[in-house]
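> I would like to see how this sequence folds:
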Amino acid sequence: MEEKEEFLREYGDYYGYPNGPKTIDEIRANEFKRLQDTVYLDHAGATLYSELQMEAIFKDLTSSVYGNPHSQSDSSSATSDIVREARQQVLDYCNASPKDYKCIFTSGATAALKLIGENFPWSCQSSFMYTMENHNSVLGIREYALNQGAAAFAVDIMEVVDQDTSSITSVKVSQHPAQRRKEAEVLEGELIGDAFNLFAFPSECNFSGLRFSLDLVNTVKQNAEKNLEGSPYSKGRWMVLIDAAKGCATQPPDLSLYPADFVVISFYKLFGYPTGLGALLIQNDAAKLLKKKKTYFSGGTVAASIADIDFVRRREGVEEHFEDGTISFLSIASIHHGFKIFNTLTTSAMCRHTMSLSMFLKKKLLAMRHENGAKVCMLYGNCSLKVSGQDSGSIVSFNLKRPDGTWFGYREVEKLASLSGIQLRTGCFCNPGACAKYLGLSHSDLLSNLEAGHVCWDDTDVINGKPTGAVRVSFGYMSTYEDAKKFIDFIRSSFVSMPTEFEKGHLLRAKSIPYPTEGSDNRLSSSGCYLKSITIYPIKSCAGFSVESWPLSSTGLKYDREWLLKSLTGEILTQKKVPEMSLINTFINLKQQMLSVESPRCKGKLQIKLDSDSYLCGKEEFYLHSQRYEVRCYENEINQWFCNAVGQPCILVQCCQSQYRSSLSKNRNVGMCRDADSRVNFANEAQFLLISEESVSDLNNRLCANTPKRIAGAPASVNPMRFRPNLVISGGEPYAEDGWRNLKIRNTYFTSLGGCNRCQMINFYHQSGQVKKTNEPLATLASYRRVKGKILFGILLMYDPGNRDGSVSNSWLKVGDEVYSNSE
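Sure, this is the predicted structure:
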């Protein structure tokens, strides 16, 4: 409570709607009950709808009859009235006079931007100028400009602001190299001064939260040539586009003061619902220009057309001209209830509220230090800690550093945040210019990252020692001090105050694994462990079966993950996407050479003869983990059984040849095992996964200590099979396996590839025949088993080809076999 009192002393005049009809605590308690166990911090991506808002929408739609507005019936007239009122609400929100502006409804902000790009009067004398900080949806306009001969270039804006009036006194524009696809040619009768140019900027950068002054509208429209300092691309008539998709939620542009030609809005970013609806506010003169370019017509945009001759007469109204087809009138009817919330709280109060939280978070992050005094956090964008400032919004974007100055990957932050019930966003947020600018990524960095396989939304968060993206926290009008505080505590406990076991390594192998040498088996000694169980998983992600003994093959345990299910579009089905796959039981009878499969969704047991080709219907190739596989495909009867089992169309395939091999080369770090010597079927990482009973027991002791945090109904402990191991050992000390370099079980030699990086899949459990999910045991493992972004538990094994006696095809493993090992 003392910390909150301190917060309120500093930010109480801005936080929580002190002069509003409801306090922030009342809003959260009555309108966002679903957030009880969730901290939602991605309002820049999509804010949340109020439960009272949705109740009002439901009541409206269930008590009114809204028909297609392209008619004269009473229900159609009711819809037309609602749409007319909605247009006026949008114009009022941006203080735009209906005499000067029109509101065109679109399927989203992106569709509005596309409409501008398609219909803008580009010529070879035109220029498209845009700030580096722009969303990809704005950058997409560049394609229309370049394809029609126009020049396109990015700029950096430096504003000099008068401290007394808060207005821009001057603007310095730093121009990046211009791009062209066609040589500019002055057509006969076309003068440079008649060209139309477009300048685009966001009211608030969705990467950094930096707010651009809307004075830019007047500055560019009136003084473009002066501000571009004689650039050959400065002449002509300049029009201005504001991307207000993010900024409109707390600071809508006042178009009576800053008469931009185009403003795009996204309604789900304003009040959460409806999705799939946006708006383009367009100045009347700009609309006339765009109308000249538009070619396509549709239902609702024509006054008359004749089918068998070239005749069409378009409607004169701006909205009717551009709204192709039937507009999303039920969604449009819903925005009234969102604006009702905004009018009650007021945008200025929402702006102050969210800004108080972002300033508080920035202040705490900047103050964090490691034990050696090194800074924990690198903030991007404006780092001002004044709530009264107008150039910083509700976004806090940053990356975290380790004590030695290396970066924590943003995916590690996102993964651990999710385990703590915190939802946030990571990456570049579809804003490549801001990302490159703030992270210091050159063109060569970006291209080499792409060559290395990095694309948007993947897990590659650090390349060559540089982050490829950032962590973004963004607040909404319903966010609370408690949300910010929980996030701060999460950062401090997970990335600053490291657990004692973590600092000491707790038997984790953080170093490179020495490469095995000749005669390493001579140093093997009894580990005090024996093989407790052997489990085979014939079909990837389905349940396995345990045996007393089992033969080995060149791919590991014979038949292990030799089959998989994939969708008709080629997507590999796993428990992460289809948790019910864990309910599909498998068994292989070696004597009968029979694979048996059962599912609670299927009446009969499926049996497939392993030594018969009668079920097969050909071969094909596909790629998994960037490796080529040649597979056998099965007939429709077998595929239909699996379709019923998983509840979606799929096909079964069997691996018959794989280029996927696991190995350990010299100086290779832990877990990097996709190389050369031992073939792998459809396993994710390696041929074998080994788990220790003693390590599981230690984990269970920690889980029991966290009992108060456990989700009701979730098991208090886990058994080794939760981790889908091939081999379970018993005996020895917990985590002794972390230090093993080589193993021998019976006459078979193995090399450890290091720890197995665990994912959310181990959080699935069965209850009453259903698959459910909790945040354990991964959350507890993350508290003491984390190494450089990986949560390790169990070890991956492969055959050691330099220390194997005889043919592997004659080797068997048997429960009770003693385990010999040597350590680093």
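> Beyond whichever helix or strand F342 is part of, next helix or strand please.
Applying DSSP states H and E as the criterion places F342 in helix 329-345. The helix or strand immediately downstream of helix 329-345 is helix 347-367, counting by DSSP H and E.
> Provide a list of residues in contact with R180.
Counting by CB atoms under 8 Å, 6 or more residues apart in numbering, R180 touches L146, G149, A150, A151, A152. Quick note: C-beta positions are derived from backbone N, CA and C, even for glycine.
> Actually, P252.
Neighbours of P252 in contact, by CB under 8 Å, 6+ apart: Y93, C94, N95, A244, T347.
> Identify, from the residues you listed, the entry nearest to F688.
Closest approach between the contacts of P252 and F688, by CB to CB: A244, at 55.3 Å.
> Burial check on that closest one, number of neighbours?
If you count neighbours by other CB atoms under 10 Å, A244 ends up with 27.
> before we move on, what about V160?
By the criterion of other CB under 10 Å, V160 has 9 neighbours.
> Which strand residues bridge it?
Beta-bridge partners for V160, by DSSP bridges, are S170.
> Model confidence for it, exactly?
V160 carries a pLDDT value of 70.
> isn't it right up against T219?
No. At 11.2 Å, V160 and T219 do not qualify as touching, with contact defined as CB atoms under 8 Å.
> so is the nearest residue to R632 once chain neighbours are set aside in a helix, a strand, or just coil?
Leaving aside its sequence neighbours, R632 sits nearest to Q654 (CB to CB, 6 or more residues apart in numbering; 4.5 Å). Here Q654 is strand, with the state taken from DSSP: H, G, I helix; E, B strand; the rest coil.
> Compute the number of surrounding residues for Q654.
Using other CB under 10 Å, the number of residues around Q654 comes to 22.
> Go ahead and confirm it touches R561.
No. Using CB under 8 Å, Q654 is not in contact with R561, being 10.6 Å away.
> Now the element after whatever helix or strand L446 lives in, going C-ward?
Under DSSP H and E, the secondary-structure element containing L446 is helix 443-451. Beyond helix 443-451 on the C-terminal side, the first helix or strand identified by DSSP H and E is strand 462-463.
> Mind listing residues that contact that following strand?
Strand 462-463 is contacted from outside by W407, G409, S448, N449, A452, H454, T468, using CB under 8 Å, 6+ apart.
> Quickly name whichever of those residues is closest to P121.
Distances from P121 to the contacts of strand 462-463, taken by CB to CB, are shortest for N449, at 37.0 Å.
> Let me see the contact set for the closest one.
Here N449 is in contact with L441, T460, I463, T468 (criterion: CB under 8 Å, 6+ apart).
> again, but for R28
Residues near R28 by CB under 8 Å, 6+ apart: L35, M478, T480.
> what residues are up against H135?
Neighbouring residues of H135 by CB under 8 Å, 6+ apart: P202, N206, D243, A245, C430, N431.
> which stretches of the stretch 1-150 of the chain form helices?
Here the stretch 1-150 of the chain has its helices, by DSSP state H, counting those that start in this stretch, at 2-11, 24-31, 51-63, 74-93, 109-119, 136-139, 141-147.
> With G528 as the reference, name the closest of the ones you listed.
Using CB to CB, those put helix 2-11 closest to G528, at 49.1 Å.
> Now V597. Nearest residue, chain neighbours left out?
Nearest to V597 is L606, by CB to CB, 6+ apart, at 4.4 Å.
> Per-residue confidence, the one you found, what does it come out as?
Per-residue pLDDT puts L606 at 95.
> What about the closest residue to L778 other than its chain neighbours, how many residues nearby?
Leaving aside its chain neighbours, L778 sits nearest to N763 (5.4 Å; criterion: CB to CB, 6+ apart). Using other CB under 10 Å, N763 has 19 neighbouring residues.
> swap in the one 5 residues further on?
Neighbour count for S768, taken as other CB under 10 Å: 6.
> picking that back up, who wins for neighbours among the contacts of strand 462-463?
For the contacts of strand 462-463, neighbours were counted using other CB under 10 Å, and T468 has the most, 25 neighbours in all.
> OK, contacts around it?
Applying CB under 8 Å, 6+ apart to T468 gives the contacts C428, L439, L441, N449, H454, T460, D461, V462.
> mind redoing it with 7 Å?
Contact analysis of T468 by CB atoms under 7 Å, 6 or more residues apart in numbering lists N449, H454, T460, D461, V462.
> Tell me which stretches of the stretch 451-600 of the chain form helices.
Going by DSSP H, counting those that start in this stretch, the stretch 451-600 of the chain shows helices at 481-491, 500-504.
> and the shortest one, average pLDDT?
Meaning helix 500-504. For helix 500-504, mean pLDDT rounds to 43.
> Now G556: closest residue in space, sequence neighbours ignored.
Closest residue in space to G556, ignoring its immediate chain neighbours: Q687 at 3.4 Å, by CB to CB, 6+ apart.
> again but with K182, I slipped
G149 (4.3 Å).
> Confirm for me that the one you found is in contact with S127.
No. Applying CB atoms under 7 Å, one finds G149 not in contact with S127, separated by 11.0 Å.
> Give me the more crowded residue out of those two.
Neighbour count, other CB under 10 Å: between G149 and S127, S127 has more, with 25 against 18.
> for this protein, what helix or strand is lowest in average pLDDT?
Lowest by mean pLDDT, DSSP states H and E among the helices and strands of the chain is helix 500-504, with a mean of 43.
> What about the nearest residue to K4 once chain neighbours are set aside, how many residues nearby?
The shortest distance from K4 to any non-neighbouring residue, by CB to CB, 6+ apart, is to Y481 (5.9 Å). Look at Y481: counted by other CB under 10 Å, it has 19 neighbours.
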